[in-house]
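Chemist: predicted coordinates and the sequence they were generated for:
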Amino acid sequence: MSATVKRRAFITLLGGAAAWPLPARAQQPTMPVIGFLYLTSLELARENLASFHRGLGETGYIEGRNVAIEYRFAHGKNDQLATLAAELVRRQVSVIVTLESTQGALAAKAAAQTIPIVFMQAADPVRIGLVDSVNRPGGNVTGINLMAAEMAGKRLDLLLELVPAATSIAYLSNPTNPVFTESEARELQAAARARAVRLLFVNTSHPSEFESAFAELVQQRANALVVSSAVSLLTDPDQIVALAARHAIPAIYAWRPSMAVGGLMSYATKLPETWRQAGVYTGRILKGEKPADLPVLQPTKFELLINLKTAKALGLTVPLPLQVAADEVIE
């Protein structure tokens, strides 16, 4: 074959490279995708999402630049979480992140056998079967235990410091989140027995049921109220706070959003920091670390918020030691 023929053949070969099947080309790096599963809505997640993104950024990941995020919101419906988790598995995301939801964490684990999962939820993760142990989670799941269930007894104690004459305490819970509710109720029952008060169980799973739930606890002559820390009750925190005010029932909540709309007291860990930590864990997993080797994180600090204006409207005097113990007093 002449040199000219060889050169023409070589040029033809180069020109045909554009038509080669994609697998035959040099592989382009693909952007990892985070599947984000959340019980309520973007509106309620938006503020804390900034903390999650900050944690991701600390590990070098910026949404839209070198990582994509597929968001799924259940709008307060626990029965939708399994379907949404299955969607993320079919999407073949790199990691599933499910925050502030025990049912979401369980749904993700049931749907994803190998995809890494980062959870943030409020029941003992070992007791409910999410991980083998706190220090060595095992499997494909790790995350943050908010310890909200474990702190339920402490919330009842704080409420009784403010309303020491109370003999009947209502517990407003969500039956569509049975695993968490069982954990929280166990702690409340132990605290109620220790303080010799009666604990009344009132169930509500949807904002449309809040009115009837309050009518029930009033009928049962509850002196005060512990509102479940289940996030599904936060889809309408202002409605619950308004009903407590209307019926003049002292209530303690878990999360700050209830205080922002006039709640009396709240006690729980600071969520922005835990969201940041979830972002850091997600980034570390994207970089190759195994969930099995990342210990479940647990908060060491909890914040007590008290609204003096709401207390005054209820005819309550907040004891000075309780005010001093509070991390924030709203006047």
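Modeler: That came through, no problem. Numbers count the residues shown, from 1 in each chain.
Chemist: what ranges do the helices span in the protein?
Modeler: For the chain, helices defined by DSSP state H occupy the ranges 3-15, 42-58, 81-90, 102-111, 152-162, 178-195, 210-219, 237-246, 256-260, 271-286, 308-313, 320-325.
Chemist: just name the most buried of these.
Modeler: Across these, the average number of neighbours (mean count of other Cβ atoms under 10 Å) peaks for helix 102-111, which reaches a mean of 25. Where C-beta positions appear, they are placed from N, C-alpha and C, glycine not excepted.
Chemist: for it, what is the average pLDDT?
Modeler: For helix 102-111, mean pLDDT is 96.
Chemist: so where's the stretch 201-331 of the chain shaky on pLDDT?
Modeler: 231-234 (pLDDT under 70).
Chemist: can you list contacts of stretch 311-326?
Modeler: Stretch 311-326 is contacted by residues 158, 161-163, 245, 248, 250, 264, 304-306, 308, 329 when judged by Cβ atoms under 8 Å, 6 or more residues apart in numbering.
Chemist: first-to-last residue distance for it?
Modeler: The first and final residues of stretch 311-326 sit 14 Å from each other (Cα to Cα, to the nearest Å).
Chemist: quick revisit: can you say which of the helices of the chain is nearest to residue 125?
Modeler: Residue 125 sits nearest to helix 102-111 of all the helices of the chain, at 7.7 Å, using Cβ to Cβ.
Chemist: tell me the angle the closest one makes with helix 178-195.
Modeler: Relative orientation of helix 102-111 versus helix 178-195 (axes from the mean of the first three to the mean of the last three Cα atoms, to 10 degrees): 140 degrees.
Chemist: right, and residue 214 touches residue 241 too?
Modeler: No: using Cβ atoms under 8 Å, residue 214 is not in contact with residue 241; the gap is 11.4 Å.
Chemist: ok, the residue most central in space within the chain to residue 261 distance?
Modeler: Most central in the chain under Cα atoms, centre = their mean is residue 100, positioned 0.6 Å from the mean C-alpha point. Computed as Cβ to Cβ, to the nearest Å, the residue 100 to residue 261 distance reads 18 Å.
Chemist: ok, back up a step: might one say that the residue nearest to the centre of the chain is in contact with residue 120?
Modeler: Yes: with contact defined as Cβ under 8 Å, residue 100 counts as touching residue 120 (5.9 Å).
Chemist: what do the two both touch?
Modeler: Counting by Cβ under 8 Å, 6+ apart, the residues touching both residue 100 and residue 120 are residue 146.
Chemist: what's around the closest residue to residue 101 other than its chain neighbours, how many residues?
Modeler: Among residues not flanking residue 101 along the chain, residue 39 sits closest, at 4.2 Å (Cβ to Cβ, 6 or more residues apart in numbering). By the criterion of other Cβ atoms under 10 Å, residue 39 has 29 neighbours.
Chemist: OK, contacts around residue 39?
Modeler: Per Cβ under 8 Å, 6+ apart, neighbours of residue 39: 73, 74, 76, 78, 81, 100, 101, 103, 104, 231, 232.
Chemist: what about 10 Å?
Modeler: If you count contacts by Cβ atoms under 10 Å, 6 or more residues apart in numbering, residue 39 has them with 45, 73-78, 80-81, 84, 98-104, 121, 177, 230-232, 234-235.
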